[in-house]
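>>> no sequence for this one, just the structure:
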């Protein structure tokens, strides 16, 4: 943990989440997830977190660790085919993490998810928040459609609306 990291988080007002991910952007993300899940059997959740608390920073919490915590807390590992994925954005650091359940990880390597995260991070760094989020969902759709194509029975097991922490 460094002072620079603490300052980065505390210079990120909570209202910035709403400025970059307002109601229309959140609705677009929800629609994109719903449309995506019609094309495959994966279950996508999208989380946006503005910043970490001082305690989280002092503990040295990373965006990856937080994404893994949220994956477990939201029950993404409890889907019927172990096909849940979490797209997590830590806005203060513009850090994107994708955590995939075991069914998906057996078919899609972490390197592919990391490349998608990097593309999203570049869009966010350019201030293209909605475009970056939608492109990330589209990239996940492509990967999931290849390995988990939709079937006649394709229940929606998880909430499609993005979660803002």
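Happy to help now that I have it. All figures in this text were calculated on a predicted structure; none of them were measured in a lab.
>>> what about residue 89, which SS state?
strand (DSSP: H, G, I helix; E, B strand; the rest coil).
>>> next: residue 48.
Taking three-state DSSP, the label given to residue 48 is strand.
>>> tell me, how many residues neighbour it?
By the measure other C-beta atoms under 10 Å, the count of residues near residue 48 is 22. Backbone N, C-alpha and C define where each C-beta goes, glycine included.
>>> stretch 132-145 - what's its average pLDDT?
Per-residue pLDDT values over stretch 132-145 give a mean of 96.
>>> in that stretch, what counts as buried?
132, 133, 134, 135, 136, 137, 139, 140, 141, 143, 144 (16 or more other C-beta atoms under 10 Å).
>>> one more: stretch 32-48?
Buried, per 16+ other C-beta under 10 Å, within stretch 32-48: 32-33, 36-37, 40-48.
>>> take those residues and write them to CSV, including pLDDT and distance to residue 85.
As requested, the buried residues of stretch 32-48 are arranged in CSV below (pLDDT from 0 to 100; distance: C-beta to C-beta, whole Å):
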residue, pLDDT, distance to residue 85
32, 98, 14
33, 97, 10
36, 95, 10
37, 93, 11
40, 93, 10
41, 90, 12
42, 91, 6
43, 93, 7
44, 96, 6
45, 97, 7
46, 98, 10
47, 97, 11
48, 96, 15
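>>> hmm, which two among the residues you listed are most spread apart?
Farthest-apart pair in the buried residues of stretch 32-48 is 41 and 48; separation 24.9 Å (C-beta to C-beta).
>>> from residue 98, how far off is the residue lying closest to residue 41 once chain neighbours are set aside?
Take residue 41 and drop its neighbours on the chain: the residue closest to it by C-beta to C-beta, 6 or more residues apart in numbering is residue 148, 4.3 Å away. Distance, residue 148 to residue 98, using C-beta to C-beta, to the nearest Å: 15 Å.
>>> ok, now residue 140?
Counting by C-beta to C-beta, the gap from residue 140 to residue 98 is 7 Å.
>>> also residue 124?
With C-beta to C-beta as the criterion, residue 124 and residue 98 are 14 Å apart.
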